[in-house]
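# Can you look at this prediction? I've put the sequence above it.
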Amino acid sequence: MKRRRCRNQRGADRAALDAVVDRAGADLDRSPEILTIDNRWFLEPVPPHGLDPNLPLCSVLRWAFEHSTDASDPAFYAR
């Protein structure tokens with residue numbers, strides 16, 4: 001059986017893959033783990049020189065994580 005790479009998939013196979021990826025992303029956005037990841041990338045010192053970006057998570061982005069959607073309408077995020 002010949003296997004196709006993900007980027008070459010079409011039709012139902014691609015739709016199923018997209019659904020899995022979208023669900024995984026939404027689940028991560030809603031989990032507490034997203035805050036751990038954000039803190040690691042934007043609050044902790046960056047090796048090897050220990051540069052500290054000190055960029056805390058703003059309330060708008062926190063709200064967006066809690067209400068994850070694939071909507072492209074900016075009005076969705078205007079609270």
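Looks like it arrived, so ask away.
# where along this protein do the helices fall?
11-30, 33-42, 59-66 (DSSP state H).
# From D52, how far off is the residue nearest the centre of the chain?
Note on the chain: the residue nearest the mean C-alpha position is G25, at 5.2 Å, using CA atoms, centre = their mean. Going from G25 to D52 by CB to CB, to the nearest Å gives 28 Å. To be clear about C-beta, it is placed using only N, CA and C from the backbone, and glycine gets the same treatment.
# For the residue lying closest to N39 once chain neighbours are set aside, the count of nearby residues, please.
Of all residues beyond its chain neighbours, the one nearest N39 is L57 (7.8 Å), with distances taken as CB to CB, 6 or more residues apart in numbering. Per other CB atoms under 10 Å, the neighbour tally for L57 reads 14.
# Kindly report the same for the one 4 residues further on.
A total of 13 residues lie near L61 under the criterion other CB under 10 Å.
# Find me the pLDDT at it, would you?
As summarised for this prediction, L61 has a pLDDT of 87.
# how close does F76 sit to D38?
21 Å.
# Comparing those two, which residue is more hemmed in?
Using other CB under 10 Å as the criterion, F76 and D38 rank with D38 on top: 16 against 11.
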